[in-house]
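> Sequence and computational prediction follow.
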Amino acid sequence: MSNNEKAPEPTFFQVAKAVMSAFIGIRKKSDLENDAANLKPAHVIIGGLIGAMIFVVSILLLVKIVVQ
């Protein structure tokens with residue numbers, strides 16, 4: 001890639017896939033290298049925060065359902 005070419009912006013699904021595989025802890029080395037080259041740290045941080053909030057809310061809902 002030359003200096004004046006911009007890398008394509010990652011899609012929502014690319015960021016979600018990277019974050020969810022990081023939560024689970026399963027990732028191919030080639031996918032990790034691809035994500036490191038294409039994803040910006042801000043995308044990963046925001047995706048991680050959203051993923052963590054969804055996880056916490058789903059656990060709270062599950063506990064509320066089981067306790068009732």
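Now that the structure is in, tell me what you want to look at.

> Could you check the one helix or strand residue 42 maps to and say which residues are buried?
Using DSSP states H and E, residue 42 maps to helix 41-67. Using 16 or more other CB atoms under 10 Å as the test for burial, helix 41-67 gives 43, 44, 47, 51. Where C-beta positions appear, they are placed from N, C-alpha and C, glycine not excepted.

> The last one against residue 18, yeah?
No. Because the distance of 10.1 Å does not satisfy CB atoms under 8 Å, residue 51 is recorded as not touching residue 18.

> Mind telling me which residue is nearest the centre of the protein?
What sits nearest the mean C-alpha location of the chain, by CA atoms, centre = their mean, is residue 19, with 2.0 Å.

> how far away is the residue nearest to that residue when sequence neighbours are not counted from residue 35?
Take residue 19 and drop its neighbours on the chain: the residue closest to it by CB to CB, 6 or more residues apart in numbering is residue 47, 4.1 Å away. Residue 47 sits 11 Å away from residue 35, going by CB to CB, to the nearest Å.

> Can you pull the residues that touch both of these two?
residue 18 (CB atoms under 8 Å, 6 or more residues apart in numbering).

> I'd like to know which elements the helix holding residue 42 is packed against.
Packing contacts for helix 41-67, counted by 3 or more CB pairs under 8 Å, 6 or more residues apart in numbering; DSSP states H and E, involve helix 12-24.

> Run the chain-centre distance for the helix it packs on.
Centroid separation between helix 12-24 and its chain, computed with CA atoms, centre = their mean, to the nearest Å, is 3 Å.

> Ok, stretch 10-26 next?
Computed by CA atoms, centre = their mean, the chain-centroid distance of stretch 10-26 equals 3 Å.
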